[in-house]
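[1] Got a predicted model here, sequence first, then my questions.
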There are 8 protein chains.
Amino acid sequence: DFAKLDHHRHLRSGFGEVVFCQGKSLEHLTEIYRRFYQHDTNVLGTRATKEQYEEVKKVIDCVTYDPLSRILSIEKEKQEKKGLVAICTGGTADLFVAEEAARTAEFFGSNVVRIYDVGVAGIHRLFSKLEDIRKANCIVAVAGMEGALGGVLAGLVDKPVIAVPTSVGYGTSFGGVSALLTMLNSCAEGLAVVNIDNGFGAGYMATQINRLCKE
Amino acid sequence: DFAKLDHHRHLRSGFGEVVFCQGKSLEHLTEIYRRFYQHDTNVLGTRATKEQYEEVKKVIDCVTYDPLSRILSIEKEKQEKKGLVAICTGGTADLFVAEEAARTAEFFGSNVVRIYDVGVAGIHRLFSKLEDIRKANCIVAVAGMEGALGGVLAGLVDKPVIAVPTSVGYGTSFGGVSALLTMLNSCAEGLAVVNIDNGFGAGYMATQINRLCKE
Amino acid sequence: DFAKLDHHRHLRSGFGEVVFCQGKSLEHLTEIYRRFYQHDTNVLGTRATKEQYEEVKKVIDCVTYDPLSRILSIEKEKQEKKGLVAICTGGTADLFVAEEAARTAEFFGSNVVRIYDVGVAGIHRLFSKLEDIRKANCIVAVAGMEGALGGVLAGLVDKPVIAVPTSVGYGTSFGGVSALLTMLNSCAEGLAVVNIDNGFGAGYMATQINRLCKE
Amino acid sequence: DFAKLDHHRHLRSGFGEVVFCQGKSLEHLTEIYRRFYQHDTNVLGTRATKEQYEEVKKVIDCVTYDPLSRILSIEKEKQEKKGLVAICTGGTADLFVAEEAARTAEFFGSNVVRIYDVGVAGIHRLFSKLEDIRKANCIVAVAGMEGALGGVLAGLVDKPVIAVPTSVGYGTSFGGVSALLTMLNSCAEGLAVVNIDNGFGAGYMATQINRLCKE
Amino acid sequence: DFAKLDHHRHLRSGFGEVVFCQGKSLEHLTEIYRRFYQHDTNVLGTRATKEQYEEVKKVIDCVTYDPLSRILSIEKEKQEKKGLVAICTGGTADLFVAEEAARTAEFFGSNVVRIYDVGVAGIHRLFSKLEDIRKANCIVAVAGMEGALGGVLAGLVDKPVIAVPTSVGYGTSFGGVSALLTMLNSCAEGLAVVNIDNGFGAGYMATQINRLCKE
Amino acid sequence: DFAKLDHHRHLRSGFGEVVFCQGKSLEHLTEIYRRFYQHDTNVLGTRATKEQYEEVKKVIDCVTYDPLSRILSIEKEKQEKKGLVAICTGGTADLFVAEEAARTAEFFGSNVVRIYDVGVAGIHRLFSKLEDIRKANCIVAVAGMEGALGGVLAGLVDKPVIAVPTSVGYGTSFGGVSALLTMLNSCAEGLAVVNIDNGFGAGYMATQINRLCKE
Amino acid sequence: DFAKLDHHRHLRSGFGEVVFCQGKSLEHLTEIYRRFYQHDTNVLGTRATKEQYEEVKKVIDCVTYDPLSRILSIEKEKQEKKGLVAICTGGTADLFVAEEAARTAEFFGSNVVRIYDVGVAGIHRLFSKLEDIRKANCIVAVAGMEGALGGVLAGLVDKPVIAVPTSVGYGTSFGGVSALLTMLNSCAEGLAVVNIDNGFGAGYMATQINRLCKE
Amino acid sequence: DFAKLDHHRHLRSGFGEVVFCQGKSLEHLTEIYRRFYQHDTNVLGTRATKEQYEEVKKVIDCVTYDPLSRILSIEKEKQEKKGLVAICTGGTADLFVAEEAARTAEFFGSNVVRIYDVGVAGIHRLFSKLEDIRKANCIVAVAGMEGALGGVLAGLVDKPVIAVPTSVGYGTSFGGVSALLTMLNSCAEGLAVVNIDNGFGAGYMATQINRLCKE
Ligand SMILES: Nc1ncnc2c1ncn2[C@@H]1O[C@H](COP(=O)(O)O)[C@@H](O)[C@H]1O
Ligand SMILES: Nc1ncnc2c1ncn2[C@@H]1O[C@H](COP(=O)(O)O)[C@@H](O)[C@H]1O
Ligand SMILES: Nc1ncnc2c1ncn2[C@@H]1O[C@H](COP(=O)(O)O)[C@@H](O)[C@H]1O
Ligand SMILES: Nc1ncnc2c1ncn2[C@@H]1O[C@H](COP(=O)(O)O)[C@@H](O)[C@H]1O
Ligand SMILES: [Mg+2]
Ligand SMILES: [Mg+2]
Ligand SMILES: [Mg+2]
Ligand SMILES: [Mg+2]
Ligand SMILES: [Mg+2]
Ligand SMILES: [Mg+2]
Ligand SMILES: [Mg+2]
Ligand SMILES: [Mg+2]
């Protein structure tokens, strides 16, 4: 028995189990989706390849795939949406992570506003969007290279910021380590960090925070 | 002019500026506290030494110092407390960070429950406290060495977990890097991470989350 | 003479030499298997590619290959099996390493029980299997990402645990380094660690320990 | 309540809880020893300083301290000793770790043979001791700098080897990382590794293995 | 002959040799200053300790020492000052590096404007000083922790920015590495970086650039 | 809206925005070039692939591509050139970075002299070119492997040197880290460093410096 | 002019210039070989690909290529051979580096004895070859993974040992870093190290040492 | 028995055993020197502290100590000196390592010429000494910070160069790692490297090479 589905998770966390598709064999992955499908639950899968999608699709027709965010999901019934989460990026190249965050947040029931390409190299772009950002209950800041967006945002708003370093960059960006360290060392308070390229984790936690709000 | 106090911060974030005492000269630090004091605001200072405390004390009598958390603060009027934040540690050696988190959260207006020494080596200790932990709106998980507490907690609760790696350990703990990586790579969702030993940052963000709750 | 087979090893260790197939040219590898075959011994080869298998197969028909564990072996006569080794994994993606461990242990004469996908994100799955695990003389804990399984297991059993970090993960998992550090820094005692993805080494040492037991 | 003693551990592992003294305040440590003492159990504490010893001694007279291994222990009744564990070192500077391993193994009930200063720079010294080493059920190999002793030993014996890298060295020894990597990458099989300077962990696991043997 | 003074350097670079005081013995350092003094040139020494100052002072009375910047210098005749260099810091704790830069730039003939404690956590402080900064021919940006100041500045001005990461911070600031990486990965153009805490190098190069300007 | 073009940048910096092509999707990139084209400005794009070029070319015929420097640009009207920048390399393999620097400098209005393959292994080659190099207002030193060229040059000239480490090398060159560290630790003054392979950043800053000169 | 051939090098070092083929374009490489060919000298090129060989071959018919060592050379007249260099490897997978060393040493005039696959996991294989090794004036020790061969050899012979770490291994071998650190930290004296996989550098220096010997 | 003296080493290597004093207790070190003294051999000890010297001195009066090189030695009869080794340094701060190399080479029988403070920042100083350096059979190049001296020297001479990185520097010198990487990646041939600050290893190997020469 290669996999033990955690049907109990919904009870503990209020959200269903999430499948980490990366590195799973086609057989294993298809079988996992089949079992969830039979159990009649919505399923979110992350870091799926197009090949995995096509294989699962053969067995479960209603599965959908978004190539930018690499999310492979079954939504038997749409979750009702509440509150607001803002997802910001430093540049255009960070979109694949931002979309993973945004779609995760939407999947679990958050309204999302997307504010992309507002990095610190042209900081007036960020200022022109501040009013929109301040409406959210939680802000996700996605940035690669120097990764300064998270700290600058945290210094400008009064809501918690979840910062996601991305692997965008070259040389000493070290696949996202530079952005990660920037975010961990932010002088602005009200910022916590998830793994490099982990849009999923940020979207999930943003929703946990967002649903705490009673409006 | 060596320091520009950010009196505007309270407007932006709802909290006053926080002083990073580490590495500041005695003259500079005393002068900063003097200016805040005149401005009639509460002040929180982190990572202060006993020597710094004694120097500031000479000028501002009402300053208080807690040697375990290294917090140097002036509280002209106590903040009213709301909601609940749970602060957990893996071991006894992590207390200096946990207390920085706890006192920061209290300073800014959170009720705090402390649940210390419940690391995964004797995991039944954690289970016996789960009911208490689940009452909080936000959980802070403080752990050094392997740092597994954060992920285990996130797998057991439905509230956001802020994980703080500590520098406790030796050899390949690399001053907290081992615990940091564990936390960033958690398979459990609903977890974000702050800098090594940054109890302050965790307590602050926990309060931001806690005050979002309308009860 | 490009290779010096260590026929003497069986005398020293009680086990035959093991071939490290990775990076060997097809000519060299085939020649090495041919020589062992003539010497009339069982052979275990690790980290072999499908292409290497097909080439060796041309010369030695009885060679077998398992694509998941990447083991390429000749078993002239099956080793009799004794005792019990438990092989546990955190997730499904760790199976390729777990199977290398399991098949190595079986090749050298251990009975093996496989307990897969019991990682700490849903820790009740591990508890439901504890009784089975406690029957083994030695436990192998295979996990990537945060790698907490090893330490949690060591805190729950009274037998030695060999922990194998895997390269499963992304970003700050750094190809297994995160899991490795978690395991080296475990607060639970009774745990030792082998190289990242080294299922072979764990299965081998588990068998050395298992055969020490007199039942 | 700053500490939760794990009195249950003896039931789970067959050994009592062990105190990690490093970084604990004098008050906390004394209180922990006092509680164990009242509970009438043997106690092993590791990485204790002389100052900690003197403080605990004031309250519990029968506590003993070994400055080389830094072990602070209470032995109400000596554990009976069985089997044999061999503890080898590369050089004289590794003794502080080797003694931690040896005394831990003895504390929990193993006979120990010490074979010190047999590093690979003068490899004939190791060969002259091989017969003694081969009598043990488990071998602990302690070495700093290049750390080659573990792999060389594993190639010469048929029992499991637990390798302990030490922080002995300078420059690129990086506080034990060089030795650690050597040990993790050993080409010889039958070797697993614990944290840098973790003599305690090695002695503990060696005893777990040793007591599996029925003679 | 332990030291070869480079009297020729003034011809090559237009500036005299600079003494790296750190790690030099008292005898060696005093002798070096004595030789420069006899040669009748101004001397700049960096990273000097108070003890070194007192020893050199015994032999050369006109030597002066600034404890914040750790500069030990002999100025037989003051250099005439031209142009303008702006030196900015993120926080108050970065002053020791900023002062090394400022005094080096002044020593070699630049006018300097100091703009301290304008880090991105309270970014309005920076904006209120932009007009002053834009008057300079070259800007030095000194920051520790996240180190975002350099990139933010480069995005706001049209002059070259020399960024100096400082060792201010803790945990994952890794003694300045976090700030260094942020600066090397800046998305804003017109930024180059010197070694951690190397205020001297930044002040020197700023002066090279400043003197290129013909006013 | 996936991208916010920074048309305001020319006002702030005197240069237009630069497109970071790497990792952008074909659709996004083409759209960005189309928008700039309509805005009637010159555009410089860096790190473009041949595939990206061909796609953009379909929409904007006047776009040009240089495969060595990977620059994708639209030059509606050539910038007038002034002053002089010298671009030097250690070896022939560094040309791809040097050409990125040279073409960037030319694009923004600098005259450029190219002095390639003058690394320190045959240092007489550098000396024979020194007179040419000394005519420039700013020198760009491009080198991989050991990266010593930057420091040697800075010791021989009186103008600012911008050093660019390249990813040329193998083993412990660590993709340019070795050269980067060499350059950051140069004992010669008057040297600042940009990211590994960042010819663009060096050419840009060299032009900023070059245009400061009034001839 | 993209390349400056160092024809003067033979005068300085007694050996001709060596071409680093990796990363050079086909046009550049062919042109470089053409120029050397016209100059009537032997040429050694390292790290060449098969594609580069085929391209150069079109222009210079007498060029030869060895795919294992990746050496691309023109030998107009064979160098006379003297003395003896021993080249040893830990395993079979290290041969590609060992052959680069061996062919370099032969190219520049050393006799070479090859002793392959004598790593420390079966150390008796090394002992059986010691007499042969001791005849050499200089020993090259090539090993990956744990890299212990260099230090063990240095402890057994009285001639200088040049150790070459290889990128053979996986996980924590970190592409040769583990073997490199082992070699740099060797407790045995008489050992120096070159870059990972740098067989060429070792063969070159071994020949420099070998030709110092007057027999 | 804490130490096994390797009296056999002189037979294997032609040199006596060398004591690594660092980290040895006073009792152990004194006992080791006493045993060697009784055995009537010369002894070289490295990295000794003044305190160790004073303790050993109490027992063996003829022991001598040099505080700069930290060498603690007994020379019953001076070794006759032959050939020539050149020891060069980049700066004055590198002398402590250079002297360890020089005294080791002299102890084992080499003539030594010292050429100090000839680093690449003022490269004419090196050129003025080249004739002297070229007379040696082997060159030791000692440098910290950028560490370029080794490669520059290797490009100018025809003898083997042993490069020693030193821990001199700050920030990104990372305790000698920057210099180490520079040396390992040298483009000039004929260079091999020893551990950071390992003057002893360089002096030893230089003597092995020097004594190969028949004059
Ligand atoms: N322990 C801490 N860790 C991280 N940031 C802090 C800490 N304490 C204060 N800060 C932040 O550092 C800034 C103050 O720095 P300074 O102006 O140097 O006192 C403020 O933005 C604080 O919120
Ligand atoms: N997957 C593996 N990981 C580590 N060592 C291995 C592995 N497979 C084989 N070995 C060891 O590598 C050595 C054989 O290397 P070789 O002679 O190159 O085949 C033997 O000592 C094996 O025990
Ligand atoms: N703080 C510093 N950082 C980097 N290089 C320096 C510093 N101070 C002086 N130097 C350089 O170090 C060299 C002098 O080294 P030394 O001969 O050891 O005094 C000169 O080239 C100086 O320009
Ligand atoms: N090769 C490069 N290296 C570093 N930064 C660059 C490079 N090319 C463009 N940029 C900067 O990256 C930003 C553009 O990012 P984007 O909006 O994603 O195109 C601008 O601020 C550019 O100046
Ligand atoms: Mg953009
Ligand atoms: Mg405890
Ligand atoms: Mg699962
Ligand atoms: Mg010894
Ligand atoms: Mg401030
Ligand atoms: Mg060349
Ligand atoms: Mg082999
Ligand atoms: Mg000097």
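    Happy to help now that I have it. Residues are numbered from 1 along each chain as shown, chains lettered A, B, ... in the order given. Ligands and ions are numbered 1, 2, ... in the order given.
[2] how about the residues of chain A near ligand 3?
    Within chain A, no position lies close to ligand 3 (C-beta under 6 Å from any ligand atom). The C-beta positions use only the backbone N, C-alpha and C, and glycine is treated the same way.
[3] show me where chain A has strands.
    A:18-20, A:43-46, A:64-66, A:71-74, A:82-89, A:110-115, A:138-143, A:161-165, A:191-193 (DSSP state E).
[4] Name the residues of the fourth one that are buried.
    Residues of strand A:71-74 classed as buried under the neighbour-count rule (16 or more other C-beta atoms under 10 Å in any protein chain shown) are A:Ile71, A:Leu72, A:Ser73, A:Ile74.
[5] Report all helices and strands that it contacts.
    Strand A:71-74 sits against helix A:26-39, strand A:43-46, helix A:50-59, strand A:64-66, helix A:95-107, with contacts defined as 3 or more C-beta pairs under 8 Å, 6 or more residues apart in numbering or on different chains; DSSP states H and E.
[6] Walk me through which strands that strand pairs with, and which way each runs.
    strand A:43-46 (antiparallel), strand A:64-66 (antiparallel) (DSSP bridges).
[7] distance of A:Val85 from ligand 8?
    For A:Val85, the distance to ligand 8 equals 63 Å [C-beta to the ion, to the nearest Å].
[8] count of neighbours near the residue of chain A found nearest ligand 3?
    Closest residue of chain A to ligand 3, C-beta to the nearest ligand atom: A:Thr172 (20.3 Å). By other C-beta atoms under 10 Å in any protein chain shown, 25 other residues sit near A:Thr172.
[9] Any figure for the gap between it and ligand 12?
    Distance of A:Thr172 to ligand 12, computed by C-beta to the ion: 30 Å.
[10] again with A:Gly176
    On the measure of C-beta to the ion, A:Gly176 and ligand 12 end up 40 Å apart.
[11] And that residue, how close does it get to ligand 9?
    29 Å.
[12] What sits closest to that residue if chain neighbours are left out?
    Spatial nearest neighbour of A:Gly176, excluding adjacent residues (C-beta to C-beta, 6 or more residues apart in numbering or on different chains): A:Ile196 at 3.5 Å.
[13] OK, contacts around that neighbour?
    For A:Ile196, the contact set (C-beta atoms under 8 Å, 6 or more residues apart in numbering or on different chains) comprises A:Val164, A:Pro165, A:Thr166, A:Ser167, A:Gly175, A:Gly176, A:Val177, A:Ala179, A:Leu180, C:Tyr170, C:Gly171, C:Thr172.
[14] Now intersect those with the helices, please.
    Taking DSSP state H, the ones among the contacts of A:Ile196 that sit in helices are A:Val177, A:Ala179, A:Leu180.
[15] Need the phi and psi values for the residue nearest to the second one when sequence neighbours are not counted.
    Distance criterion C-beta to C-beta, 6+ apart; nearest residue to A:Ala179, sequence neighbours excluded, is A:Gly147 at 2.8 Å. Listed backbone geometry of A:Gly147 is phi 70, psi 30, with angles given as degrees, to the nearest 10.
[16] E:Ala179 is in contact with A:Gly147, correct?
    No. Counting by C-beta atoms under 8 Å, A:Gly147 does not reach E:Ala179; the two are 12.0 Å apart.
[17] more crowded one of those two?
    For A:Gly147 versus E:Ala179, neighbours defined as other C-beta under 10 Å are more numerous around A:Gly147 (40 against 34).
[18] And the pLDDT for that one?
    At A:Gly147, the model reports a pLDDT of 97.
[19] list the contacts for it?
    So A:Gly147 contacts A:Gly90, A:Ala163, A:Pro165, A:Ser178, A:Ala179, A:Leu180, A:Leu181, A:Thr182, A:Met183, E:Thr182, E:Asn185 (C-beta under 8 Å, 6+ apart).
[20] Looking at these, which one is closest to F:Tyr204?
    The closest of the contacts of A:Gly147 to F:Tyr204 turns out to be E:Asn185 (C-beta to C-beta; 15.0 Å).
[21] Test my guess that that closest one contacts A:Ala143.
    No. Counting by C-beta under 8 Å, E:Asn185 sits too far from A:Ala143 to count as a contact (10.3 Å).
[22] So for the two, which sits in the more crowded spot?
    Shown here are E:Asn185 and A:Ala143; by other C-beta under 10 Å, A:Ala143 has more neighbours (33 against 28).
[23] Who is the more buried one paired with across the strands?
    A:Pro165.
[24] Could you list every helix and strand in contact with the worst-scoring helix or strand of chain A on mean pLDDT?
    Using mean pLDDT, DSSP states H and E, helix A:9-13 stands out as the lowest-scoring helix or strand of chain A, at a mean of 75. Counting contacts by 3+ C-beta pairs under 8 Å, 6+ apart, helix A:9-13 is packed against no other helix or strand.
[25] Give me the residues contacting it.
    Residues outside helix A:9-13 that contact it (C-beta under 8 Å, 6+ apart): A:Phe15, A:Gly16, A:Glu17, A:Thr41, B:Gly155, B:Leu156, B:Val157, B:Asp158, B:Glu189, B:Gly190, C:Gly122.
[26] filter the residues you listed to the buried ones?
    A:Phe15, A:Gly16, A:Glu17, B:Gly155, B:Leu156, B:Val157, B:Asp158, B:Glu189, B:Gly190, C:Gly122.
[27] And the pLDDT for the first one?
    Going back to what we said before, that points to A:Phe15. Per-residue pLDDT puts A:Phe15 at 82.
[28] Tell me if I'm right that it and A:Met205 touch.
    No. The pair A:Phe15 / A:Met205 is not scored as a contact, 10.9 Å apart, by C-beta under 8 Å.
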